[in-house]
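Participant: need a 3D model of the following:
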Amino acid sequence: MPKIIGGSLHEHRAQTRQKLFTALSTLMMDRGFDAISLADIAAAAGVGRTAVYNHFPDKEALLLGFITHETEQYVSTLERALAGVDDPVEQLRTYIRQQARLTSVFHLAPGPDLRTVLSRTTRQRLREHAELVESILRRIVRSGIEVGEFPEQDIETSVQLVNACLSGRFVPDDPDARDQAVRATEAFVLRAVGADLRVGAVASAH
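Facilitator: Model (predicted):
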């Protein structure tokens, strides 16, 4: 019987899954999803290959498990950051800053775009997870329109374009360069949705 990690079977399973997720993320940044195998992931995680199958039947299932976990964590963090922020402009700034903190493993990993190597079912599941985050942005943009901070616009198009911009950007590791990149991204996105940045500047000055 394999050695139990943690104080219970539940804790053991949770820690094993986390080790697999960490290994998958690291390997994807190094090689890309299409170039790694379950055996590679098991070896990097320091677990037996059979242990992987106790949690996930195949590599795509492991990817979905990882993305589900990461999305749930991110949505929870984002909602906490937005709590108590009433102004839609500041809400959008917060959304952008939180996006900048994400590890862009799915957008910057080597190899083919994930959408070209995954099954149709898995692509659909990934789309469902993206929708969880998009719904928050949709809420922010709609709120901005309702209170007159943003002009009338096609909300669905704006949401898709803003997220495409944020998911495709590169944020430098250097703190000063990172801050500058985030500020430039904030200004670009706010202009894109029609926010009056002069109003924000006046408000900030008081």
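Participant: hey, let's count contacts and neighbours off CA atoms from now on
Facilitator: OK.
Participant: looking at the biggest helix by length in the chain now, give me its mean pLDDT.
Facilitator: In the chain, taking DSSP state H as the definition, the longest helix is helix 120-146. In this model, helix 120-146 has a mean pLDDT of 90.
Participant: how far does that helix sit from its chain's centre?
Facilitator: 11 Å (C-alpha atoms, centre = their mean, to the nearest Å).
Participant: just stretch 179-186 next, same as before
Facilitator: Stretch 179-186 has its C-alpha centroid displaced from the chain centroid by 18 Å (C-alpha atoms, centre = their mean).
Participant: same check, this time on stretch 89-103
Facilitator: Taking the mean of its C-alpha atoms, stretch 89-103 sits 11 Å from the chain's own mean (C-alpha atoms, centre = their mean).
Participant: if I read this right, Ala39 contacts Val47, doesn't it?
Facilitator: No: in terms of C-alpha atoms under 8 Å, Ala39 does not count as a neighbour of Val47; the distance is 9.7 Å.
Participant: give me the helices and strands touching the longest helix of the chain, please.
Facilitator: If you count contacts as 3 or more C-alpha pairs under 8 Å, 6 or more residues apart in numbering; DSSP states H and E, helix 120-146 packs onto helix 59-82, helix 88-100, helix 155-168.
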